[in-house]
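**Student:** Next one to model:
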Amino acid sequence: MQANQTKQGVDDLLASIPGATLEQIEKALLVTRTDEDEAASSKAREAVMGWFNENVLMTTGRPFGKWYNKKSGEFVLKETIDEYLAKFPWVPTPDGPKPAGPYGRTSPLRPEVYSVEWEPAQPPEAIYTENGLKHYNTYKGFGLEPKKGDISWWNLLLDTVSKEQPELRTWIEQWAAAPLQQPGLKMFTALVLVGEEGSGKTMFAKVLGSLYGDYFSEVDQKTLHSNFTGWSAKKLFVLLDEVTAKDKREQADFLKGLITRDEAQINEKYQPRYEIKDHCNFVITSNNKTAVYIRNDKTRRWAVCNMPVEMPEDISKVIVAGYTSMEGKQALLDHLLHVNLDGFNPFKKAPFSQARQAMEEASRSAPDAFAFEMIENATLDLAEGLPSKLWRIERLIDAYKDKYGHLPRSSRALEIALKEKGAIVLPQVRLKDGLRYRFWALSNQDFWLETAKKASAGDPEAKKAMELGAADGLPKQWKFAR
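**Tutor:** Modelled structure (predicted):
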């Protein structure tokens, strides 16, 4: 009776394979070691070997000679596998019974791979070949089945986000859709949503994040600048919530690096550091107009939307009901998978908006603002047919003092601001008064650079042009016009 009950228990367990865990199968197999029914024992041994071949990989490259358990997602020491297989003196094979240990290590049915990777661009939970090497992909996919349905709530949300910037609506939807249509796509732009609490800025990020499941991460300012970076490990979409540019320069460089980096350094508590391919795309939310310090951003990484009005409660309820239901998420995923991406380039500049210009203006220091205004005025003068002028740094410092009532913190700060906005400093030239001058060209830079080179070589006409171009003549009190 006992043997029959044990056999029935083993049969019930085996009926659930491959859903059974290795530990469950092991437990049943150990029970059958005392079972008189050899057939049940052999069946259990076969199940163990089948599980082993299906779920355990050997890595031959990175890391070398490790066993990877696909069920647990962990690497297992060779000694641990040997100890486990030693419990079974033999296992059934196509060529008859064989010692479990040696056969487990050399089984032709157990695949070997060069490395275990997380690669969203490759088929989920499958072995793929890249550069002639086989890799196992631990990426599992979104875990959400697309299904046509009502997305009117999504259109309400999109209208709310782009209300102040309607010209961005199409781009925002394409930006949201592109990495879903091409899993693993790393875009070179981020969406920055600025608004008060209740405006819907965070809701937009969470709606998109709900489609990514475990591959979505929500990060606050403190976590963002922590030494521990586990928040970015194996993530596809990240919300940087309530970000403020405290140290403007440092923050700008840090965020730009996040947007375009190829690899991320992952540092987690009590774990060795490692590198992983970076597939994160970002939405940044803030109630501060200087959330992102935009200064001389020629690559234009930031698409900025201003959301100054609190979202009406009736609209909020409709949107929440949509994205918190399975049907709503399935419908949104299906819709975004079919969005037309014509004209959208994930690696090109984000579109311009008035909100972005306002953020750039709010980001400027006094030297930045002064340089921007001087160069803009000089460019406008040139466009209107007025002659371009040359400036000595001393005269620019005087103009700065006239505008702000005080000197810049240093002439170097002003020079950096001028260069970042496009002004150039020309080669030093000796003019008719016998003194050497170094001028700045705020507009018509190519012409003045060529003229300065000719003047330095002694061309009298070029020298005369520079003398006439000097914004304030050639004051003799400046021996070296730096």
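**Student:** part of a helix, is residue 58?
**Tutor:** No - per DSSP: H, G, I helix; E, B strand; the rest coil, residue 58 lies outside any helix segment and is strand.
**Student:** And for it, nearest residue in space, chain neighbours not counted?
**Tutor:** residue 112 (4.7 Å; CB to CB, 6 or more residues apart in numbering). Placement of C-beta: from N, CA and C, glycine included.
**Student:** Let me know whether that neighbour touches residue 133 as I believe.
**Tutor:** No - counting by CB atoms under 8 Å, residue 133 is not a contact partner of residue 112; they are 10.9 Å apart.
**Student:** circling back: list the contacts of the residue nearest to residue 58.
**Tutor:** 57-60, 134 (CB atoms under 8 Å, 6 or more residues apart in numbering).
**Student:** swap in residue 408?
**Tutor:** Residue 408 makes contacts with 366-367, 370, 397, 400, 414, as judged by CB under 8 Å, 6+ apart.
**Student:** how does it look with 10 Å?
**Tutor:** Counting by CB atoms under 10 Å, 6 or more residues apart in numbering, residue 408 touches 365-367, 370, 396-397, 400-401, 414-415, 417.
**Student:** And for residue 223?
**Tutor:** 217, 229-231, 240-241.
**Student:** Following element in sequence after whichever strand or helix holds it, please.
**Tutor:** Using DSSP states H and E, residue 223 falls within helix 221-224. The first helix or strand that comes after helix 221-224 along the chain, using DSSP H and E, is strand 237-240.
**Student:** Need the contact partners of that next one.
**Tutor:** Here strand 237-240 has contacts from 176, 179-180, 190, 192-193, 201-202, 204-206, 208-213, 215-221, 223-224, 231-232, 255, 258, 279-286, 291-292, using CB under 10 Å, 6+ apart.
**Student:** which among these end up buried?
**Tutor:** Buried members of the contacts of strand 237-240, scored by 16 or more other CB atoms under 10 Å, are 176, 179-180, 190, 192-193, 201-202, 204-206, 208-212, 215-219, 224, 231-232, 255, 258, 279-286, 291-292.
**Student:** Could you pull out the helices in the stretch 101-250 of the chain for me?
**Tutor:** Using DSSP state H, counting those that start in this stretch, the helices found in the stretch 101-250 of the chain span residues 152-161, 169-181, 201-212, 221-224, 248-260.
**Student:** Same question for the stretch 301-450 of the chain.
**Tutor:** 313-323, 326-337, 354-363, 366-383, 393-404, 411-420, 445-456.
**Student:** separation between the closest residue to residue 197 other than its chain neighbours and residue 306?
**Tutor:** Counting by CB to CB, 6+ apart, residue 287 is the residue found nearest to residue 197 once chain neighbours are left out, at 6.8 Å. Residue 287 is 11 Å from residue 306, where distance means CB to CB, to the nearest Å.
**Student:** Which one of these two is surrounded by more residues?
**Tutor:** More neighbours surround residue 306 than the other of residue 287 and residue 306, with 21 against 15 (other CB atoms under 10 Å).
**Student:** what about the closest residue to residue 144 other than its chain neighbours, how many neighbours?
**Tutor:** Take residue 144 and drop its neighbours on the chain: the residue closest to it by CB to CB, 6+ apart is residue 333, 5.6 Å away. For residue 333, the neighbour count with other CB under 10 Å is 22.
**Student:** Tell me the predicted confidence for residue 333.
**Tutor:** Residue 333 is assigned 96 on the pLDDT scale.
**Student:** what's the spacing between it and residue 141?
**Tutor:** Residue 333 is 12 Å from residue 141, where distance means CB to CB.
**Student:** give me every residue that touches the residue sitting nearest the centre point of the chain.
**Tutor:** In the chain, the centroid-proximal residue (CA atoms, centre = their mean) is residue 280; its distance is 3.3 Å. Residue 280 makes contact with 179, 186-187, 190, 215, 217, 231-238, 258-259, 261, 264, according to CB under 10 Å, 6+ apart.
**Student:** which residues do residue 287 and residue 306 both contact?
**Tutor:** Taking CB under 10 Å, 6+ apart as the contact definition, residue 287 and residue 306 share the neighbouring residues 193-195, 199, 201.
**Student:** Let's see which of those residues end up in strands.
**Tutor:** Secondary structure from DSSP state E places 193-195 of the shared contacts of residue 287 and residue 306 in strands.
**Student:** To what extent is the closest residue to residue 371 other than its chain neighbours buried, counted in neighbours?
**Tutor:** Of all residues not flanking residue 371 in the chain, residue 417 sits nearest, at 3.9 Å (CB to CB, 6+ apart). By other CB under 10 Å, 25 other residues sit near residue 417.
**Student:** so what's residue 417 up against?
**Tutor:** Counting by CB under 10 Å, 6+ apart, residue 417 has contacts 295-296, 364-372, 374-375, 400, 408, 423.
**Student:** hmm, try it at 6 Å
**Tutor:** Applying CB atoms under 6 Å, 6 or more residues apart in numbering to residue 417 gives the contacts 367-368, 371.
**Student:** what's the answer for residue 231, then?
**Tutor:** Residue 231 neighbours (CB under 6 Å, 6+ apart): 217, 219, 223.
**Student:** The last one and residue 231: what is the separation?
**Tutor:** Residue 223 sits 6 Å away from residue 231, going by CB to CB.
**Student:** Pick the one among the contacts of residue 417 closest to residue 51.
**Tutor:** residue 368 (64.0 Å; CB to CB).
**Student:** Enumerate every residue touching the closest one.
**Tutor:** residue 417.
**Student:** Repeat that for residue 341.
**Tutor:** Applying CB under 6 Å, 6+ apart, the residues contacting residue 341 are 174, 178.
**Student:** one more time with 7 Å
**Tutor:** Residues near residue 341 by CB atoms under 7 Å, 6 or more residues apart in numbering: 174, 177-178, 181.
**Student:** and it, what are its phi and psi?
**Tutor:** The phi/psi pair for residue 341 (degrees, to the nearest 10) reads phi -100, psi 10.
**Student:** Distance check, it against residue 216.
**Tutor:** 21 Å.
**Student:** try residue 96
**Tutor:** Residue 96 is 51 Å from residue 216, by CB to CB.
**Student:** same thing with residue 327?
**Tutor:** 19 Å.
**Student:** just residue 156 next, same as before
**Tutor:** Relative to residue 216, residue 156 is positioned 21 Å away (CB to CB).
**Student:** Residue 465 too?
**Tutor:** 61 Å.
**Student:** Repeat that for residue 258.
**Tutor:** Distance, residue 258 to residue 216, by CB to CB: 16 Å.
**Student:** Please apply the same query to residue 303.
**Tutor:** 20 Å.
**Student:** same question, residue 402
**Tutor:** From residue 402 to residue 216 the distance is 52 Å (CB to CB).
**Student:** In this model residue 189 seems to touch residue 260, though I could be wrong.
**Tutor:** No - the pair formed by residue 260 and residue 189 falls short of the contact definition of CB atoms under 7 Å, at 9.3 Å.
**Student:** out of the two, which sits in the busier spot?
**Tutor:** residue 189 (23 against 15).
**Student:** residues in contact with the more buried one?
**Tutor:** Contacts for residue 189 (CB under 7 Å, 6+ apart) come out as 175, 301, 303, 350.
**Student:** about what we covered before: from the ones in strands among the shared contacts of residue 287 and residue 306, which is closest to residue 430?
**Tutor:** residue 194 (52.1 Å).
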